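Participant: Provided below for reference: sequence and predicted model.
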Amino acid sequence: MGHRIITISREFGSGGRTIGKHVAEKLGISCYDNELLEKIAEESGLAKEYIQERGEYTPKGGWLANAFSDRSLNGLSVQDYLWTVQRKLILEIAEKESCVIVGRCADYILQGRADILTVFIHASMEQRADRIVRLYGEREDSPEKRLRDKDKRRAGYYQFYTDMDWGKIQNYHIALDSGVLGIDRCVDIIASLY
């Protein structure tokens, strides 16, 4: 095998994606998040925007299930089809190269298959709210509501496909509070563990 993978799961607004990108730059390896989305889009023939919108919705219940229950690809729901495509991609990438993979249940998918460091990035609600307002500007909802919704969605998606609890400390090698440590310090810690 020989490839070493860092997977980063993160609370929305904790800076996990930025941390992943910087870790990869520092180590001179690839980082997959939006690039991965593009690959998934190419392989599945589904529009990139569609995947970004739907990728982390929990598949059971809600309007999504009703909207897509009658549409399927290869006999799978759109959601399940995306899952199989992304799982295949992540396994292929791990075979091919050392890299950082942000989100997409990569920690679960690569369990026991690769030399892997699993990281969870979190921060306080206040610090995350402050960050998303700074980064994305003000939205109609309160930033706290937006954070809770996004986290709930990520947790639901993760739970549905992995049967494990998202953010549960036992599922990760290391959990870092980016609000307390700061982005750069998190990058240094992860890179040094690598």
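Facilitator: Yep, that arrived. Note that the coordinates shown come from a computational prediction; the quantities given were computed from them, not determined experimentally.
Participant: C-alpha only now, for contacts and for neighbours.
Facilitator: OK.
Participant: for the chain, where's the lowest mean pLDDT among helices and strands?
Facilitator: When the helices and strands of the chain are scored by mean pLDDT, DSSP states H and E, helix 62-68 comes last with a mean of 47.
Participant: any low-confidence regions in this structure?
Facilitator: When residues are selected by pLDDT under 70, those of the chain lie in 1, 37-38, 41, 46-76, 138-140.
Participant: spatially central residue in it, please.
Facilitator: The geometric centre of the chain, computed from its C-alpha atoms, lies nearest to G103 (CA atoms, centre = their mean), at 1.3 Å.
Participant: what helix or strand is the closest residue to that residue other than its chain neighbours located in?
Facilitator: For G103, the nearest residue in space outside its immediate sequence neighbours is S9; the separation is 5.0 Å by CA to CA, 6 or more residues apart in numbering. Taking DSSP states H and E as the criterion, S9 maps to strand 4-10.
Participant: which is the next helix or strand following that strand?
Facilitator: helix 16-27.
Participant: which parts of that following helix are buried?
Facilitator: Counting neighbours by 16 or more other CA atoms under 10 Å, one finds that the buried residues in helix 16-27 are G16, R17, I19, G20, K21, H22, V23, A24.
Participant: wait, the second one sits on I101?
Facilitator: To tie it back to what came earlier, the one meant is R17. No: between R17 and I101 no contact is recorded; they are 9.2 Å apart, counting by CA atoms under 8 Å.
Participant: any common contacting residues for these two?
Facilitator: When CA atoms under 8 Å, 6 or more residues apart in numbering defines a contact, the residues bordering R17 and I101 alike are I8, D33.
Participant: just to revisit the earlier point, and the buried residues of helix 16-27, which is closest to L82?
Facilitator: Each of the buried residues of helix 16-27 was scored against L82 by CA to CA, and R17 proved nearest at 20.7 Å.
Participant: for that closest one, what are its contacts?
Facilitator: Residues counted as contacts of R17 (CA under 8 Å, 6+ apart) are I8, R10, D33, V102.
Participant: could you identify the most distant pair in those residues?
Facilitator: Using CA to CA, the pair of the contacts of R17 lying farthest apart is R10 and D33, separated by 12.3 Å.
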